[in-house]
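Asks: Okay, structure incoming, though there's no sequence with it:
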């Protein structure tokens, strides 16, 4: 009888240790998932700041660039698409589809801003406008903050993906609903650099 109790105690001890081990894996994945969600929230703050600056930028150049309405409209439309994609990605930063849409929308916005800044070079009065100079400085600062926030997000996503892919975590990750998260990467080489806003 005493041998049976010892065997039962050992079995219960092994089950308890296994449960603690699985709980540790689960808690580690939850922690890393929350870290990358928080990191995306930091990107979201900077993206919203940039989206708020763009209408001011368009208003500042509108009087000078009356013959470039198509470019101005393109910037506003790209901004609106990027905002919508950003909201979708903010709802679930781990969703690969949402992150891909955000990557594409940000690429289009960067291209439209680049074309706007290239056209603005032809307007010397615009280059001397103090409001434009201030917007240039704010936009450049925001672009830098977005880059740093993107790097922090990608680091957090990489740590999460590694944690969920290593053995034995990979066995439990899918069972608990921890799926791979998508990096926030810049699609084109032109967008990899902040738009040049020299005036």
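Replies: That came through fine. Quick caveat, the model's predicted, so the values are computed rather than measured.
Asks: for the lengthiest helix in the chain, packing partners?
Replies: Counting residues, the longest helix found in the chain (DSSP state H) is helix 2-62. Applying 3 or more C-beta pairs under 8 Å, 6 or more residues apart in numbering; DSSP states H and E, we find helix 2-62 packed against helix 69-91, helix 96-120, helix 130-165, helix 169-173. In this view, the C-beta of every residue, glycine as well, is placed from N, C-alpha and C.
Asks: any idea of the angle that helix forms with helix 69-91?
Replies: 160 degrees (axes from the mean of the first three to the mean of the last three C-alpha atoms, to 10 degrees).
Asks: avg pLDDT for helix 2-62?
Replies: Throughout helix 2-62, pLDDT has a mean value of 92.
Asks: Quick one, which of the helices and strands packed on helix 2-62 gets closest to residue 180.
Replies: helix 130-165 (5.6 Å; C-beta to C-beta).
Asks: how deep is residue 59 tucked in, by neighbour count?
Replies: A count of nearby residues for residue 59, using other C-beta atoms under 10 Å, gives 12.
Asks: so residue 115 touches residue 71, yeah?
Replies: Yes - using C-beta atoms under 8 Å, residue 115 is in contact with residue 71, at 5.7 Å.
Asks: Stretch 23-43: which residues count as buried?
Replies: For stretch 23-43, burial by neighbour count (16 or more other C-beta atoms under 10 Å) applies to 25, 26, 29, 32, 33, 35, 36, 37, 39, 40, 42, 43.
Asks: nearest to residue 126, of the residues you listed?
Replies: Looking across those and measuring by C-beta to C-beta, the closest to residue 126 is residue 43, at 30.1 Å.
Asks: wait, what's in contact with the closest one?
Replies: 146, 149, 150, 153, 184 (C-beta atoms under 8 Å, 6 or more residues apart in numbering).
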